[in-house]
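*Asks:* only the shape, not the letters, is given here:
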């Protein structure tokens, strides 16, 4: 396997060594809780941009859940236990909040999958600690949109974030954009658990001569 294919494989190889890939299998319907109207527009714009990059679709409503990409902002993790009906959407919410507090985490994502293994819903939790509050809204929005358009590895962006700064503005790194576009190629599967999938992705990233 060459270097480029290895980089692609690393994006979906988890800390336990398992290769796990999934993309959305239905139109994305986002809703954002805990932000003002201006920030809401920024988040929806970022999600639309990444969905468009993937040649995927958005919709006004999801027939099963109403909204299927739910983003929650809070100041303290304990606030999540007060959100009506959230414990029905996120089983074991109480223990999860305890783990997030113990880890002093400032973000967490949960994905749900359909029978074919494609993403059917995602829940994003963001705690506005000092670091998170210092990130511009458009940067934060684009980062979260990128990290929910695919099921990336839990260590995909440990060494390098998905965004880069160009003249002070956050933009999606070209190699990440290439992976997203390739992942949503109609001939590619919605879910994969074999590393040979990374070779197929790489083949769609490389320009044909």
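*Replies:* Arrived safely, thanks for sending. These numbers were taken from a predicted model, which means no experiment stands behind them. Numbers count the residues shown, from 1 in each chain.

*Asks:* from here on, just use CA atoms for contacts and neighbour counts.
*Replies:* Fine.

*Asks:* tell me where this protein has strands.
*Replies:* For the chain, strands defined by DSSP state E occupy the ranges 21-22, 30-33, 69-74, 107-113, 119-127, 163-166, 169-172, 191-192.

*Asks:* TSV for those, including distance to residue 138?
*Replies:* Formatted as TSV, these follow (distance: least, CA to CA, whole Å):
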stretch	distance to residue 138
strand 21-22	25
strand 30-33	14
strand 69-74	15
strand 107-113	16
strand 119-127	15
strand 163-166	11
strand 169-172	8
strand 191-192	29
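
*Asks:* tell me which of these sits most buried.
*Replies:* strand 21-22 (a mean of 25; mean count of other CA atoms under 10 Å).

*Asks:* ok, which of the strands of the chain comes nearest residue 154?
*Replies:* strand 107-113 (10.1 Å; CA to CA).

*Asks:* the closest one: partners in the sheet, and parallel or antiparallel?
*Replies:* Strand 107-113 sits in its sheet next to strand 119-127 (antiparallel), going by DSSP bridges.

*Asks:* residues making contact with the partner strand?
*Replies:* 22-26, 68-77, 105-114, 148, 151 (CA atoms under 8 Å, 6 or more residues apart in numbering).

*Asks:* so where's this structure uncertain?
*Replies:* 1, 207-209 (pLDDT under 70).

*Asks:* give the closest residue to the most centrally placed residue in it in space, chain neighbours not counted.
*Replies:* Taking CA atoms, centre = their mean, the centroid of the chain lies closest to residue 148, which sits 1.4 Å from it. Nearest residue to residue 148, sequence neighbours excluded (CA to CA, 6 or more residues apart in numbering): residue 122, at 7.1 Å.

*Asks:* is that neighbour bridged to anything, and to what?
*Replies:* Assigned bridge partners for residue 122, using DSSP bridges, are residue 69, residue 111.

*Asks:* do you have the helices of the chain handy? List them.
*Replies:* Secondary structure of the chain by DSSP state H: the helices cover 3-11, 37-53, 86-89, 93-103, 130-133, 137-149, 174-183, 196-205.

*Asks:* what's opposite residue 31 in the beta bridge?
*Replies:* The partner residues for residue 31, given DSSP bridges, come to residue 70.

*Asks:* from residue 143, how far off is it?
*Replies:* Residue 31 sits 16 Å away from residue 143, going by CA to CA, to the nearest Å.

*Asks:* burial count for residue 134?
*Replies:* Residue neighbour count, defined by other CA atoms under 10 Å, stands at 10 for residue 134.

*Asks:* got a list of contacts for stretch 13-23?
*Replies:* 9, 12, 117-119, 149-156, 183-184, 190-195.

*Asks:* tally of neighbours for the residue lying closest to residue 137 once chain neighbours are set aside?
*Replies:* Once flanking residues are discounted, residue 137 sits nearest to residue 39: 6.6 Å by CA to CA, 6+ apart. Neighbour count for residue 39, taken as other CA under 10 Å: 15.
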